[in-house]
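Undergrad: Output the structure for:
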Amino acid sequence: MKNLIELLKNNPYPGRGIVVSSERVYYFIMGRSVNSRNRVFTLTDDGIKTEAHDPSKLSDPSLIIYHPVRKTDLGLIVTNGDQTDTIAEAGCFKKGLMTREYEPDEPNYTPRISTVVYPDGSFDISILKHNDGRCLREFFCYEGCERGKGYFISTYQGDGNPLPTFAGEPIEVEMPEADEVWNALNEDNKVSLYAYDNGEVKLYNKNLGD
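TA: Take a look at the predicted model:
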């Protein structure tokens, strides 16, 4: 089992990341461009959405404005893009994601990472990534996990040009507190963090002084 805080402290740019367990879910976004950094998380009736902190600086909303989190009859859906809506509309995690692929942001081809936590505490994780011009769709299914443990997946392995895609299975980690996660993210690149803990939600936004 890895120490998530150390993983984050030693990685200046994992991109967007999901940490999931049966009781807690964290989702964070980072950014290198002005457009990516110009975001905040705000609450909605069924989850959260990303919004431009300064609308006058918003240049391309296509891949940065979306609903990362939605609570549905299926469960708590958390993703790094508009595939949240696809899963919710399909009513099935795998069925929805089989219609989607990685983001069209050549040369990075940012993966789409997603999770759903079911009412019984089990959860699924998926990554859709570029593979020789085709989409590789990987699914990982967990029958819950021990308290204090979770699984971490991110879009990138670290910084680079092009950005290196996350590889391998989700990483088994010790589940820290939300404040620890926020403080461990690179100060220059972090943007926002969503923290869900047994039904309680807390948002962190760098642009709002957090």
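Undergrad: what about dumping the CA coordinates of the worst-scoring helix or strand of the chain on mean pLDDT to PDB?
TA: Here the helix or strand of the chain ranked lowest by mean pLDDT, DSSP states H and E is helix 34-37, holding a mean of 93. Backbone C-alpha positions of helix 34-37 (Å, rounded to 0.1, in the frame of the first residue of the first chain) are rendered in PDB as follows:
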ATOM      1  CA  VAL A  34      -4.400  30.100 -18.000                       C
ATOM      2  CA  ASN A  35      -7.600  28.400 -19.300                       C
ATOM      3  CA  SER A  36      -7.200  25.300 -17.100                       C
ATOM      4  CA  ARG A  37      -6.300  27.300 -14.000                       C
END
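Undergrad: what helices or strands is whichever helix or strand comes after it leaning on?
TA: Going down the chain from helix 34-37, the next helix or strand is strand 39-43, by DSSP states H and E. Contacting strand 39-43 under the criterion 3 or more Cβ pairs under 8 Å, 6 or more residues apart in numbering; DSSP states H and E are the following elements: strand 47-52, strand 190-197, strand 200-205. Any C-beta I mention is one placed from the backbone N, CA and C, and that applies to glycine too.
Undergrad: Compare those strands and give me the one nearest Pro162.
TA: Distances from Pro162 to each of those were compared by Cβ to Cβ, and the smallest falls on strand 190-197, at 20.4 Å.
Undergrad: any idea how far Asn183 is from Pro61?
TA: Remark: distance between Pro61 and Asn183 (Cβ to Cβ, to the nearest Å) = 29 Å.
Undergrad: Counting neighbours, show which residues of the least confident helix or strand of the chain come out buried.
TA: 35-37 (16 or more other Cβ atoms under 10 Å).
Undergrad: ok, now stretch 149-167?
TA: 150-157, 163, 165-166.
Undergrad: wait, which of the buried residues of helix 34-37 is closest to Asp105?
TA: Taking Cβ to Cβ as the measure, Asp105 sits nearest to Ser36 out of the buried residues of helix 34-37, at 10.9 Å.
Undergrad: hang on, the closest one packs against Val191?
TA: Yes - contact between Ser36 and Val191 holds when scored by Cβ atoms under 8 Å: they sit 7.0 Å apart.
Undergrad: Quickly list what's touching both of the two.
TA: Listed contacts common to Ser36 and Val191 are 29-30; contacts here mean Cβ atoms under 8 Å, 6 or more residues apart in numbering.
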